[in-house]
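In: could you work out the structure for the sequence below:
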Amino acid sequence: MKINIIVADDHPAVLLGITHELAAIPTLEIVGQAKNSTEVIELLSTLSCDILITDYVMPGGSAGDGIAMLSFLRRRYPDLKIIVFTTINNPAIVAEILKLGVGSVLNKVDDVGHLISAVHAVYAGATYISPQLKAAAQQLSHNNGSRSSNYKLTRRESEVIRLYVSGLSVNNIANQLKRTKQTVSSQKASAMRKLGLTRDADLFRFAYETGIVDSGQPVEATSIPENPLASSKEKLYVTH
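Out: So this is what the prediction gives:
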């Protein structure tokens, strides 16, 4: 089953570039392209779409752009997951976007691998923040309250969580770490229990919003495994 995506941007080169990069990922399907909010609404009324990737500044449409457009889309399509792909780096604006329930805000200067990671994280119900927008992410995390700093995972638990949130399946992790599937599953469950988490979506959200995972070096599309979110990480200990 593929994730159906609509891409919206008023710059043809950006639109073409995003589509080209995402089309190379086997789990993703680009079902439509739009240049303004009018075209976005037309596509959403006729196509099955899981995630909308949209620019923030995209004038000329019937629903406007920016906060006005995002607010309209959230009201009309409450189940639609949205990723904002923008050049804006103002933490206050990013915080306002996230308050609307947008799943991800990415800066266009980020490596395209972050966009691939964001799609899968948002599809799972998590929030993914651009590495360029850490201030907004930290502000959001602070406003939402923080968990106890006393929880620390073992090295192996942290390794499993790092790989899992990066996009590898339990089977992939077991193969990579030379452990049994049962061992990896048990270590994942133990880590989530320590963190007070019960759902994978909560694990994604906690990891990205608190900076446990900082997807610094996404893998090339040609080396992406069956769940293509893998990235290179160094951080081993979960502190908050």
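In: now do the helices in this structure.
Out: For the chain, the helices defined by DSSP state H cover 12-23, 37-46, 66-76, 91-99, 112-123, 134-143, 155-166, 170-177, 181-195, 200-210.
In: give me whichever of those is most buried.
Out: helix 112-123 (a mean of 24; mean count of other C-beta atoms under 10 Å). For the C-beta atoms, the positions are set from N, CA and C on the backbone; glycine is no exception.
In: mind checking how far the nearest residue to Gly61 once chain neighbours are set aside is from Leu22?
Out: Leaving aside its sequence neighbours, Gly61 sits nearest to Ser37 (C-beta to C-beta, 6 or more residues apart in numbering; 3.0 Å). Computed as C-beta to C-beta, to the nearest Å, the Ser37 to Leu22 distance reads 21 Å.
In: gap between Val25 and Ile5?
Out: No Val there; residue 25 is Ile. Look at Ile25 and Ile5: by C-beta to C-beta, they are 10 Å apart.
In: looking at the two, which has the bigger crowd around it?
Out: Neighbours were tallied for Ile25 and for Ile5 using other C-beta atoms under 10 Å; the higher tally belongs to Ile5 (25 against 20).
In: tell me what the more buried one is bridged to.
Out: Per DSSP bridges, the residues bridged to Ile5 are Ile30, Ile51.
In: contact partners for it?
Out: Leu22, Leu28, Glu29, Ile30, Val31, Cys49, Asp50, Ile51, Leu52, Ile53, Val119 (C-beta atoms under 8 Å, 6 or more residues apart in numbering).
In: pLDDT below threshold where in the protein?
Out: Along the chain, segments meeting pLDDT under 70 span 134-152, 205-240.
In: report the central residue of it.
Out: Central residue of the chain (C-alpha atoms, centre = their mean): Ala118, 2.2 Å from the mean position.
In: ok, back up a step: quick one: which of the helices of the chain is nearest Val57?
Out: With C-beta to C-beta as the criterion, Val57 lies closest to helix 66-76 of these, at 6.6 Å.
In: and the closest one, how far from the chain's centre?
Out: Here helix 66-76 is found 19 Å from its chain centre; the criterion is C-alpha atoms, centre = their mean, to the nearest Å.
In: that one versus helix 91-99: what angle between them?
Out: Angle of helix 66-76 versus helix 91-99, following axes from the mean of the first three to the mean of the last three C-alpha atoms, to 10 degrees, is 10 degrees.
In: residues in contact with helix 66-76?
Out: Under the criterion C-beta under 8 Å, 6+ apart, residues 37, 40-41, 44, 52, 54, 56-58, 61, 63-64, 80, 82, 84, 96-97, 100-102 lie in contact with helix 66-76.
In: quick one, which of the residues you listed are buried?
Out: When these are checked for burial by 16 or more other C-beta atoms under 10 Å, the buried set is 37, 40-41, 44, 52, 54, 56, 58, 61, 63-64, 80, 82, 84, 96-97, 102.
In: let's see the distance spanning stretch 86-97 from one end to the other.
Out: End-to-end distance of stretch 86-97: 11 Å, with C-alpha to C-alpha, to the nearest Å as the criterion.
In: equivalent analysis for stretch 74-94, please.
Out: Its start and end residues considered, stretch 74-94 measures 16 Å (C-alpha to C-alpha).
In: can you give the distance of that stretch from its chain's centre?
Out: That offset, for stretch 74-94, works out to 12 Å (C-alpha atoms, centre = their mean).
In: rewinding a little: how about the contacts made by the residue nearest to Gly61?
Out: The neighbours of Ser37, taking C-beta under 8 Å, 6+ apart as the test, are Ala8, Met58, Gly61, Ser62, Ala63, Gly64, Asp65, Met69, Phe72, Leu73.
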